[in-house]
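# coords please:
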Amino acid sequence: MKWYLSVLGALAVWRLTHLLHVQAGPRRVLETLRRWAGESSSLACFYCLSLWVSVPVALVIGQDWVEQVLLWLALSTTAIALDLLLDLISRSTAPPAHLQLLTPSQMAQAMAARYFDEQAADETPEPLFTRGPARTH
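So this is what the prediction gives:
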């Protein structure tokens, strides 16, 4: 399998999933479809919908059944990760309060200070990376 097909497949899965999950579509057809399907349908959950959308893409791109199954899950995961990343970017231009963005040289200095500089016995180092609250769907 050519690597660019998996990249194109992942982008296609995200685009179709986003289209079906969020956008109204021409003459609000998709919005009407989501309303008709209800809140408990797969159309209401981006995670679930990405699994369904990635099936035909994986079947077309994959060369054997093992590759198709792995692609199915990988394409869905990539679409979810891309959606989370784009959601994070679109929500704010400033980094969240729990995250401090560092340049590569600042990160290298912080890591060197943490791991190579002498620390007092009673001093506990602050974590270099912190994680925000988990996002549920």
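# for this protein, which segments count as helices?
3-21, 29-37, 46-61, 65-91, 104-116 (DSSP state H).
# want to throw these into a markdown table with mean neighbour count?
Placement of C-beta: from N, CA and C, glycine included. Rendered in a markdown table, the data for the helices of the chain read as follows (neighbours: other CB atoms under 10 Å):
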| stretch | mean neighbour count |
| --- | --- |
| helix 3-21 | 17 |
| helix 29-37 | 13 |
| helix 46-61 | 19 |
| helix 65-91 | 15 |
| helix 104-116 | 11 |
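# can you lay out these as a markdown table showing mean pLDDT?
Listed next are the helices of the chain as a markdown table, based on pLDDT from 0 to 100:
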| stretch | mean pLDDT |
| --- | --- |
| helix 3-21 | 94 |
| helix 29-37 | 86 |
| helix 46-61 | 95 |
| helix 65-91 | 92 |
| helix 104-116 | 77 |
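# if I look at the residue nearest to residue 83 when sequence neighbours are not counted, how far off is residue 23?
Counting by CB to CB, 6 or more residues apart in numbering, residue 46 is the residue found nearest to residue 83 once chain neighbours are left out, at 6.0 Å. Distance of residue 46 to residue 23, given as CB to CB, to the nearest Å: 12 Å.
# show the contacting residues for residue 10.
Taking CB atoms under 8 Å, 6 or more residues apart in numbering, we find residue 10 in contact with 74, 75, 78, 79, 82.
# quick one: it and residue 39, what's the gap?
Using CB to CB, residue 10 is found at 27 Å from residue 39.
# next: residue 66.
36 Å.
# just residue 111 next, same as before
Taking CB to CB, one finds residue 111 at 46 Å from residue 39.
# do residue 15 as well
23 Å.
# go on, residue 55?
23 Å.
# same deal with residue 74?
Relative to residue 39, and taking CB to CB, residue 74 is found at 28 Å.
# residue 89 now?
From residue 89 to residue 39 the distance is 27 Å (CB to CB).
# now swap in residue 91 and tell me
Here residue 91 is placed at a distance of 23 Å from residue 39 (CB to CB).
# next one: phi and psi at residue 40?
Main-chain torsions, residue 40, degrees, to the nearest 10: phi -90, psi 10.
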